[in-house]
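In: Sequence first, predicted model second:
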Amino acid sequence: MSLRVFHIVFIIAAFGLSLFVALWGFREYAATRSSGALTLAALFALFGALLVWYGMVAVKKLREL
């Protein structure tokens, strides 16, 4: 497996994990109305969005190599 493929797979795995944690946080917030759970969910949703952006930039950059 090349470094390029590993990088893309790692970004996808990190996005999946951040999406899972964000959904878990939103579900926890719905059940307990905890501000910590809402903060966790919002942060990981933001991280997921940033990972999508980073993934698109990385794919474009790695395509040139």
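Out: It's in.

In: Just list the residues touching Ala22, thanks.
Out: Applying C-beta atoms under 8 Å, 6 or more residues apart in numbering, we find Ala22 in contact with 40-42, 44-45, 48. For glycine as for every other residue, the C-beta is placed from the backbone atoms N, C-alpha and C.

In: What strand or helix carries it?
Out: Assigned by DSSP states H and E, Ala22 falls within helix 3-32.

In: Of the contacts of Ala22, which is the nearest to Val5?
Out: For these, the minimum distance to Val5 (C-beta to C-beta) is 21.3 Å, reached by Gly48.

In: dump the residue contacts of the closest one.
Out: By C-beta under 8 Å, 6+ apart, Gly48 lies in contact with 15, 18-19, 22.

In: In a markdown table: those, plus distance to Val9 and pLDDT.
Out: Compiled in a markdown table, those are given as follows (distance: C-beta to C-beta, whole Å; pLDDT from 0 to 100):
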| residue | distance to Val9 | pLDDT |
| --- | --- | --- |
| Phe15 | 11 | 98 |
| Ser18 | 15 | 98 |
| Leu19 | 16 | 98 |
| Ala22 | 20 | 98 |
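
In: ok, of those residues, which one's closest to Tyr29?
Out: When those are compared against Tyr29 (criterion: C-beta to C-beta), the nearest one is Ala22, at 10.6 Å.

In: Looking at the contacts of Ala22, which are in helices?
Out: 40-42, 44-45, 48 (DSSP state H).

In: ok, of those, which come out buried?
Out: 40-41, 44-45, 48 (16 or more other C-beta atoms under 10 Å).

In: Redo the residues you listed as CSV? Include distance to Tyr54 and pLDDT.
Out: Output for those, formatted as CSV (distance: C-beta to C-beta, whole Å; pLDDT from 0 to 100):
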residue, distance to Tyr54, pLDDT
Leu40, 21, 97
Ala41, 20, 98
Phe44, 15, 98
Ala45, 15, 98
Gly48, 11, 97
